[in-house]
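Asks: Sequence first, predicted coordinates after that:
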Amino acid sequence: MTQTAAHPDAMRLAVRRAHVSRQLDLMIDERGPVEQVKRLIADLDSISADLSRVLREGDIESSR
């Protein structure tokens, strides 16, 4: 089993992070509204923190 298959939450968060990152790239390219860009950046920070937590928890469980 691959590591991502062992962590379905991590895979879901990684896909969500990629989607939000792409939205942010498009907003920056189009010089989108500042508030929307700030919201996307905050979403990325939150998703990254969640992803780190899920992967850390998975590593702890797999080392037991």
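Replies: Done, it's in.
Asks: which residue packs closest to the residue nearest in space to the middle of the chain, ignoring adjacent ones?
Replies: For the chain, the residue nearest the mean C-alpha position is Arg17 (3.0 Å; Cα atoms, centre = their mean). In space, and not counting its chain neighbours, Arg17 is closest to Ile47: 4.5 Å by Cβ to Cβ, 6 or more residues apart in numbering. Backbone N, C-alpha and C define where each C-beta goes, glycine included.
Asks: ok, the one you found touching Val15?
Replies: No: counting by Cβ atoms under 8 Å, Val15 is not a contact partner of Ile47; they are 9.9 Å apart.
Asks: Neighbour count: those two, which is higher?
Replies: Ile47 (20 against 11; other Cβ atoms under 10 Å).
Asks: sorry, back to before: downstream of the helix or strand hosting the residue nearest to the centre of the chain, the next helix or strand is which one?
Replies: Per DSSP states H and E, Arg17 falls inside helix 8-29. Downstream of helix 8-29, the next assigned helix or strand under DSSP H and E is helix 34-63.
Asks: and that following helix, what does it pack onto?
Replies: In terms of contacts (3 or more Cβ pairs under 8 Å, 6 or more residues apart in numbering; DSSP states H and E), helix 34-63 is packed against helix 3-6, helix 8-29.
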